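Chemist: Take a look and give me a structure for this.
(one chain, ligands or ions: 2)
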Amino acid sequence: MTQQAQAAAPTIAVERAGDHVGRVVTIRGWLYNLRESGKLLFPIFRDGTGLIQGVVSEKEFPEAFAALKGLTQESSVIATGQIQPEPRAPGGYEIQVQAAEIVQRVPESNPYPIQLKEHGVDFLLDHRHLWIRTPRQASILRIRAEAIRAARNFMDEQGYTLTDAPIFTPAACEGTTTLFEVNYIDDQKAYLTQSGQLYAEATAAALGKVYTFGPTFRAEKSKTRRHLTEFWMLEPEAAYCQLEDMIRLAEGLVSAMVQAVVQNRARELEALGRDRSKLAKILPPFPRLSYDEAVKILEKAGNPTKWGDDFGGDEETLLSKGFEKPVVVHRYPAVMKAFYMATDPEHPDLALNFDVIAPEGGGEIIGGGERQSNYQTLVRRIREHHLPEEAFQWYLDLRRYGSVPHAGFGLGLERTVAWICGTEHIREVIPFPRMLYRVYP
Ligand code: ATP
Ligand code: MG
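Modeler: Ligands and ions are numbered 1, 2, ... in the order given. Predicted structure coming up:
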């Protein structure tokens, strides 16, 4: 092939190969795998959008053959050739390679550490910067991106304005045991935010309906498959809204995220072996249980939970068993909830809150509710929780100046995406997980 012909070939994304059947095109990527069979080579290329098998004939294209023969896994390569349908190949097409340029050859003496075989998870996490190149991990990250896009579109369409919350904060909002302390300027102490909620309450009083979306931090000492120390949360907050409004918003948001992935990321779900028909059923309304009812279900199932206990992962999995959709559990005992929660006027010992628990053992993906809008009650709650009153003066201003009933919730992105993807552990659904004892790479 002449250099001009090669230069004239359009560069395409592997995922679009089907649009270019019969044409000579260029793909730029990496060598995923190579099978050699006498005078034929069968390289598999990946370009980040997908995998495509190549076929190279020594007789027809000796230079391309020589360039690719013996090429090491993950060497970077630019290949030009004709696209043909090939039902037996991954993706359904192959590229009949006419020319290949090696951009960087991985030396044989120091081969790519992740082979196409099973590795232990600690090894993979140590090599997370490379692990994300594997098709499964790339599919998960694309689904994550799709879920974020869908979530933001949904919120925007519902008339909510994105108002980002700060990451350095002067105080806790979700309990002091999971706070990350930071040495701020001149030895002043600050904390990494555990939730954008308190700030969303301020922006909601300014703009009406708002949401924040950003990283949040919790020094969780619990080593579970559902906890990261750094995770992303989407937190809507709306003035003049009540518990019921927020439950409906949550149902719509979760459904919009799931349906966007079902529609736009079918290939990725298939790569993960995830049953799309189960996800297709995730549409509002969701079943509901009061906390009281949930405790009864647990007791019946032989679980030791008693009224007043919080639910852990096992209880959440048990509760989700009876449902194909996420289940909304509402009105927990007020004593176990955060200081800012409003209580039910008809049952003052119950909080006006709700959690959404994902099916198939996905666990709690949303927690939210109505906020305490009464100044005196809020001050009392801050004292009861031994929180530093000084740091909350700005927050109390929201109750001094035009306090209104308002409500909101926090959706944990990784929990939601892990459920959608059907991954066992949420560490796979964030590019670089931060966990107890892991901040590398
Ligand atoms: P859990 O009881 O499961 O630890 P939580 O009740 O402390 O969670 P909330 O404060 O209600 O969590 O936070 C809202 C949402 O953020 C949760 O429903 C969950 O989806 C997500 N979330 C909370 N903590 C974590 C974490 N450590 N890692 C990942 N996601 C989390
Ligand atoms: Mg919660």
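Chemist: mind showing which ranges of the stretch 51-200 of the chain have poor pLDDT?
Modeler: Of all residues in the stretch 51-200 of the chain, none has pLDDT under 70.
Chemist: of all of it, which residue lies closest to ligand 1?
Modeler: Glu174 (5.0 Å; Cβ to the nearest ligand atom). Quick note: C-beta positions are derived from backbone N, CA and C, even for glycine.
Chemist: Up against ligand 1, what does the chain have?
Modeler: Counting by Cβ under 6 Å from any ligand atom, the chain comes close to ligand 1 at 174, 218, 220, 226-228, 231, 233, 364-367, 410, 412, 414-415.
Chemist: one step back: tally of neighbours for the residue of the stretch 51-200 of the chain closest to ligand 1?
Modeler: 18 (other Cβ atoms under 10 Å).
Chemist: thinking again about what came up before, so which of the residues of the chain next to ligand 1 sit within strands?
Modeler: Phe231, Met233, Glu364, Ile365, Ile366, Gly367, Gly410, Gly412 (DSSP state E).
Chemist: And the first one, how far from Leu141?
Modeler: So the one you mean is Phe231. Distance, Phe231 to Leu141, by Cβ to Cβ, to the nearest Å: 15 Å.
Chemist: between the two, which one's more packed in?
Modeler: Phe231 (21 against 16).
Chemist: tell me the mean pLDDT for stretch 345-357?
Modeler: For stretch 345-357, the mean pLDDT works out to 97.
Chemist: let's have the chain start at 6 instead
Modeler: Shifting the count to begin at 6 puts that one at stretch 350-362.
Chemist: show me where the stretch 306-446 of the chain has strands.
Modeler: With DSSP state E, counting those that start in this stretch, the ranges of strands along the stretch 306-446 of the chain come out as 332-335, 348-349, 352-356, 358-363, 368-375, 411-417.
Chemist: which residues are in contact with the fifth one?
Modeler: The contact list for strand 368-375 (Cβ atoms under 8 Å, 6 or more residues apart in numbering) reads 231, 247-248, 251, 255, 259, 316, 318, 321-322, 331, 342, 346-347, 356-363, 410-417, 420-421, 424.
Chemist: same check, this time on the second one
Modeler: Counting by Cβ under 8 Å, 6+ apart, strand 348-349 makes contact with Arg336, Ala339, Asp354, Leu355, Ala356, Leu357, Gln377, all of which sit outside it.
Chemist: what lines up beside that strand in the sheet?
Modeler: For strand 348-349, the paired strands and their directions (DSSP bridges) are strand 352-356 (antiparallel).
Chemist: Pull out the buried positions in the partner strand.
Modeler: By neighbour count on 16 or more other Cβ atoms under 10 Å, the buried set for strand 352-356 is Leu355, Ala356.
Chemist: got the CA positions of it in PDB?
Modeler: This file holds the C-alpha atoms of strand 352-356, laid out as PDB (Å, rounded to 0.1, in the frame of the first residue of the first chain):
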ATOM      1  CA  HIS A 352     -45.500  10.300  64.900                       C
ATOM      2  CA  PRO A 353     -42.800  12.600  66.400                       C
ATOM      3  CA  ASP A 354     -40.600   9.500  67.000                       C
ATOM      4  CA  LEU A 355     -40.400   8.900  63.200                       C
ATOM      5  CA  ALA A 356     -38.300  10.800  60.700                       C
END
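Chemist: got the contact list for Glu395?
Modeler: With contacts defined as Cβ under 8 Å, 6+ apart, Glu395 has no neighbours.
Chemist: Check the residues of the chain next to ligand 1 and tell me the two furthest apart.
Modeler: Spatial extent of those (Cβ to Cβ) is set by the pair Glu225 and Ile371 at 17.6 Å.
Chemist: Out of those two, name the residue with the larger neighbour count.
Modeler: Ile371 (26 against 16).
Chemist: what's the residue nearest to Leu288 when sequence neighbours are not counted in contact with, if anything?
Modeler: In space, and not counting its chain neighbours, Leu288 is closest to Ser260: 5.2 Å by Cβ to Cβ, 6 or more residues apart in numbering. Residues counted as contacts of Ser260 (Cβ under 8 Å, 6+ apart) are Ile287, Leu288, Pro289.
Chemist: May I have the one helix or strand Ser260 maps to exported as CSV, CA atoms only?
Modeler: Using DSSP states H and E, Ser260 sits within helix 248-269. Only the C-alpha atoms of helix 248-269 are listed here, as CSV (Å, rounded to 0.1, in the frame of the first residue of the first chain):
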residue,chain,number,x,y,z
LEU,A,248,-41.2,13.8,51.4
GLU,A,249,-43.6,12.6,48.8
ASP,A,250,-42.2,15.0,46.1
MET,A,251,-38.8,13.7,46.8
ILE,A,252,-39.7,10.0,46.6
ARG,A,253,-41.3,10.7,43.2
LEU,A,254,-38.2,12.5,42.0
ALA,A,255,-36.0,9.7,43.2
GLU,A,256,-38.1,7.1,41.3
GLY,A,257,-37.9,9.2,38.1
LEU,A,258,-34.2,9.8,38.5
VAL,A,259,-33.2,6.2,39.1
SER,A,260,-35.5,5.0,36.2
ALA,A,261,-34.0,7.6,33.8
MET,A,262,-30.5,6.5,34.6
VAL,A,263,-31.3,2.8,34.2
GLN,A,264,-33.3,3.3,31.0
ALA,A,265,-30.6,5.4,29.4
VAL,A,266,-28.0,2.7,30.0
VAL,A,267,-30.4,0.0,28.7
GLN,A,268,-31.0,2.0,25.5
ASN,A,269,-27.5,3.5,24.8
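Chemist: Can you point out the buried residues in the helix or strand hosting Ile49?
Modeler: Using DSSP H and E, Ile49 sits in strand 45-51. For strand 45-51, a neighbour-count test (16+ other Cβ under 10 Å) marks Leu46, Phe47, Pro48, Ile49, Phe50, Arg51 as buried.
Chemist: What of stretch 8-28?
Modeler: Buried residues in stretch 8-28, counted by 16+ other Cβ under 10 Å: Gln11, Ala14, Ile17, Ala18, Val19, Glu20, Ala22, His25.
Chemist: Now do that stretch, average pLDDT.
Modeler: The average pLDDT for stretch 8-28 rounds to 90.
Chemist: quick one on the thing from earlier: any quick PyMOL command for the buried ones out of the residues of the chain next to ligand 1?
Modeler: Applied in PyMOL, the following selects the buried portion of those according to 16+ other Cβ under 10 Å:
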select buried, resi 179+223+225+231+232+233+236+238+369+370+371+372+415+417+419+420
